[in-house]
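Undergrad: Below is the sequence, then the predicted model.
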Amino acid sequence: MIKISLMKVIAQSSILVEIEILKAKLASEGIQSFIQNEFVNNVVVMPINQDYFLLVNDNDYENAAEILNNPESEVN
């Protein structure tokens, strides 16, 4: 039987670097995440204002939210 895990949006920004920093913060804690719309400006000829979304597994959402909301946790 195949188990399908749903993804939830944990963060949203129009600045890709902000999302990449949050992704690195989660990775340092062992939580895998994905950036939606990461390559949009590579496909479109003219740059567009696009929101980026950081997605985590539904099962990791609460831990990820706690990590991202903890100001004492820093990316090394």
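TA: Perfect, I can see it now.
Undergrad: middle-most residue in this structure, spatially?
TA: residue 54 (2.2 Å; CA atoms, centre = their mean).
Undergrad: now the helix or strand where that one lies: how far from the chain's centre is it?
TA: Element membership of residue 54, judged by DSSP states H and E, is strand 52-57. From the chain centre to the centre of strand 52-57 is a distance of 4 Å (CA atoms, centre = their mean, to the nearest Å).
Undergrad: Quickly run through the sheet partners of it, with directions.
TA: Within its sheet, strand 52-57 is paired with strand 7-13 (antiparallel), strand 33-36 (antiparallel), according to DSSP bridges.
Undergrad: for the closest residue to residue 54 other than its chain neighbours, what are its contacts?
TA: Excluding the flanking residues, the one nearest residue 54 by CB to CB, 6 or more residues apart in numbering is residue 11, at 4.1 Å. (Glycine included, C-beta is placed from N, CA and C.) Neighbour list for residue 11: 18-19, 22, 53-54, 68 [criterion: CB atoms under 8 Å, 6 or more residues apart in numbering].
Undergrad: now residue 11: how far from residue 29?
TA: Residue 11 is 14 Å from residue 29, where distance means CB to CB, to the nearest Å.
Undergrad: still on that earlier bit, among the strands paired with strand 52-57, which comes closest to residue 62?
TA: Residue 62 lies closest, by CB to CB, to one member of these: strand 7-13, at 9.9 Å.
Undergrad: Next secondary structure element downstream of that closest one?
TA: helix 16-28.
Undergrad: That following helix versus strand 52-57: what angle between them?
TA: Following axes from the mean of the first three to the mean of the last three CA atoms, to 10 degrees, one obtains 20 degrees for the angle between helix 16-28 and strand 52-57.
Undergrad: Format the strands paired with strand 52-57 as JSON lines; extra columns: distance to residue 60 and mean pLDDT.
TA: What follows is the strands paired with strand 52-57, written out as JSON lines (distance: least, CB to CB, whole Å; pLDDT from 0 to 100):
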{"stretch": "strand 7-13", "distance to residue 60": "9", "mean pLDDT": "95"}
{"stretch": "strand 33-36", "distance to residue 60": "8", "mean pLDDT": "94"}
